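1. dropping the sequence and predicted coords here.
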Amino acid sequence: MTESIRLPAAALKPATVALPGSKSISNRTLLLAALSDNTCEIRSLLKSDDTDRMLEALAKLGVQFERTDEGRLKVYGSGGIFPNRQADLFLGNAGTAFRPLTAVLAILGGDYHLHGVARMHERPIGDLADALRLAGADVQYLGNEGYPPLQINTRTDNGVRVIPIKGNVSSQFLTALLMALPLTGEAFEIHMVGELISKPYINITLKLMAQFGVVVENQNYQIFKLPAAACYHAPDVLPVEGDASSASYFLAAGLLSGAPIRVTGIGRNSIQGDVAFAHELEKIGATVIWGDDFIEVSRAEGTAVRPFDLDANHIPDAAMTLAVVALAAGAPCTLRNIGSWRVKETDRIAAMAAELRKVGAEVVEEAEAIHITPPAALTADAEIDTYDDHRIAMCFSLVSLLGVPVVINDPKCTHKTFPTYFDVFASLRS
């Protein structure tokens with residue numbers, strides 16, 4: 001029998017939530033620190049399934065760590081090459097671990113077997129593998145063509161220095177290539193083929209690489225020039241920002257409930273694109289206050305939640321939260337340009353459509369869009385299936401702020417990024 005949690009219909013009190021560390025920043029930082037030529041203390045590192053998989057993999061590759069305090073980790077960099085040239089790496093369903101490790105190991109070469117859960121083996125990696133092969137890497141599919149599991153062998157430098165890559169499936173492919181190619185010591189150009197989605201996630205990668213001493217020239221997201229003789233050198237101490245995607249649930253809670261909800265760990269200078277979610281909430285009725293290390297959202301009495309039609313390509317993860325906010329808008333809402341949802345932890349367009357219908361919404365699903373018409377009255381105690389997808393579980397918790405209780409199946413799926421989510425959410429109730 002599937003474990004579930006019932007969330008009662010609730011009002012909220014003014015509250016402050018200290019965000020867990022960003023998953024995107026945590027796993028990028030772990031890998032860059034492991035590849036650096038010095039030691040780095042990472043602070044506010046996210047503790048979750050995804051970061052656990054990255055740490056396990058790096059340990060198998062011979063990287064040394066020392067936990068110095070709660071949320072602090074000292075990483076002893078391996079100088080751009082892992083001590084262990086042979087490893088069997090299980091990476092669960094962690095795309096932020098699987099894709100960059102694939103690229104780094106393929107460029108360094110060795111004898112590596114990379115695999116994960118069944119869903120990870122359904123998530124495409126062919127565009128990345130094609131680009132790596134152009135750079136001389138030996139990447140073999142052990143199952144279906146274009147998908148994990150993978151076998152990586154020794155790379156042969158073939159002299160190619162211009163690598164084209166498609167960017168319309170996942171920005172993680174470009175991130176992986178950007179992080180890996182400096183390990184060659186050679187100058188490279190990466191040329192985008194077609195549209196690059198989720199550009200804010202590339203900005204995270206480029207800013208972190210610069211913090212580690214490798215500055216990439218970005219020519220309008222079409223050509224990326226990597227310098228020769230590059231070497232990763234870590235800051236002595238690097239704090240991880242709070243997770244802006246996880247912030248979306250609490251910021252939306254401020255809008256839906258009206259109570260001022262403040263998140264700390266991100267602010268007006270965040271390097272994460274998902275902070276733009278707060279701007280989208282402002283457009284539909286939220287009052288937003290920005291600080292250096294916080295964002296606070298509330299809604300003035302008498303202000304309605306307004307319907308929206310949004311191109312959400314810039315905030316693909318946070319946009320899922322808007323799909324539930326749409327239930328409070330009183331009129332049809334649309335999220336567009338979200339085709340990347342289909343290759344995430346589950347097919348998120350199909351899953352969100354199915355679960356929104358359970359609470360009474362009319363939903364039209366397209367290849368890269370979703371149209372949501374809220375019902376006159378929400379269905380109470382709808383049982384929401386979560387598809388082993390942390391974001392679906394967290395999104396649908398917000399239904400409990402709309403006057404009806406809701407049941408969330410498999411709430412522990414939030415351990416992927418936010419193990420204490422439901423405890424924190426419960427603490428907001430008045």
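-> Perfect, thanks for sending it.
2. quick one: Q151 is in a helix?
-> No. Applying DSSP: H, G, I helix; E, B strand; the rest coil, one finds Q151 to be strand, outside a helix.
3. that one pairs with what?
-> For Q151, the beta-bridge partners under DSSP bridges are H113, Q140.
4. against A18, how distant is it?
-> 42 Å (CB to CB, to the nearest Å). C-beta here means a position set from N, CA and C on the backbone, and glycine is covered the same way.
5. repeat that for T184.
-> 40 Å.
6. which of the two has more neighbours?
-> Ranked by neighbour count (other CB atoms under 10 Å), T184 and A18 place T184 first, with 19 against 12.
7. would you mind naming the helix or strand containing the nearest residue to that one once chain neighbours are set aside?
-> Distances taken as CB to CB, 6 or more residues apart in numbering place I107 nearest to T184, at 6.2 Å, with adjacent residues excluded. Per DSSP states H and E, I107 falls inside helix 95-108.
8. any idea of the mean pLDDT for that helix?
-> Helix 95-108 comes out with an average pLDDT of 97.
9. show me where the stretch 151-300 of the chain has strands.
-> 162-166, 188-193, 217-219, 223-226, 237-239, 261-264, 287-290, 294-298 (DSSP state E, counting those that start in this stretch).
10. if we can go back for a sec, what packs against the helix holding I107?
-> helix 23-35, helix 49-60, strand 111-115, helix 126-134, strand 150-152, helix 171-180 (3 or more CB pairs under 8 Å, 6 or more residues apart in numbering; DSSP states H and E).
11. can you spell out which helices and strands pack onto the worst-scoring helix or strand of the chain on mean pLDDT?
-> Across the helices and strands of the chain, the lowest-confidence element by mean pLDDT, DSSP states H and E is strand 64-69, at a mean of 88. When contacts are defined as 3+ CB pairs under 8 Å, 6+ apart, strand 64-69 sits against helix 49-60, strand 72-76.
12. next, the angle from the helix or strand following the shortest one to strand 111-115.
-> Past strand 72-76, further along toward the C-terminus, the next helix or strand under DSSP H and E is strand 86-90. Strand 86-90 and strand 111-115 are oriented at 0 degrees to each other (axes from the mean of the first three to the mean of the last three CA atoms, to 10 degrees).
13. ok, the residue nearest to T184 to D37 distance?
-> From I107 across to D37, the span is 17 Å (CB to CB).
14. these two: who's more crowded?
-> Set side by side, I107 and D37 show more neighbours around I107, with 22 against 13, by other CB under 10 Å.
15. got the contact list for the more buried one?
-> 132, 135, 137, 155, 180-181, 183-184 (CB atoms under 8 Å, 6 or more residues apart in numbering).
16. please apply the same query to D69.
-> If a contact means CB under 8 Å, 6+ apart, then D69 has no contacts.
17. T68 too?
-> By CB under 8 Å, 6+ apart, the contact set of T68 is 41, 74.
18. make it 10 Å
-> With contact set as CB atoms under 10 Å, 6 or more residues apart in numbering, T68 has these partners: 41-43, 74.
19. before we move on, back to that, closest to I25 out of the strands of the stretch 151-300 of the chain?
-> Checking the strands of the stretch 151-300 of the chain against I25 by CB to CB gives strand 237-239 as the closest, at 9.2 Å.
20. and that closest one, what's buried?
-> Using 16 or more other CB atoms under 10 Å as the test for burial, strand 237-239 gives 238-239.
21. for that strand, packing partners?
-> If you count contacts as 3 or more CB pairs under 10 Å, 6 or more residues apart in numbering; DSSP states H and E, strand 237-239 packs onto helix 23-35, strand 39-43, strand 72-76.
22. quick check: angle from the first one to helix 49-60?
-> An angle of 10 degrees separates the directions of helix 23-35 and helix 49-60 when computed by the same axes, to 10 degrees.
23. what's the angle between helix 23-35 and helix 171-180?
-> For helix 23-35 against helix 171-180, the angle by the same axes, to 10 degrees is 20 degrees.
24. got the CA positions of helix 23-35 in CSV?
-> Taking Å, rounded to 0.1, in the frame of the first residue of the first chain, the C-alpha atoms of helix 23-35 are listed here in CSV:
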residue,chain,number,x,y,z
LYS,A,23,20.3,21.3,-6.1
SER,A,24,21.6,22.8,-9.3
ILE,A,25,24.3,24.7,-7.5
SER,A,26,25.2,21.9,-5.0
ASN,A,27,25.9,19.2,-7.6
ARG,A,28,27.7,21.6,-10.0
THR,A,29,29.8,22.9,-7.1
LEU,A,30,30.6,19.4,-5.8
LEU,A,31,31.9,18.3,-9.2
LEU,A,32,33.9,21.5,-9.9
ALA,A,33,35.5,21.3,-6.4
ALA,A,34,36.4,17.7,-6.9
LEU,A,35,38.1,18.6,-10.2
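25. pLDDT score for M1?
-> pLDDT for M1: 53.
26. repeat that for G71.
-> Reported pLDDT at G71 in the predicted model: 68.
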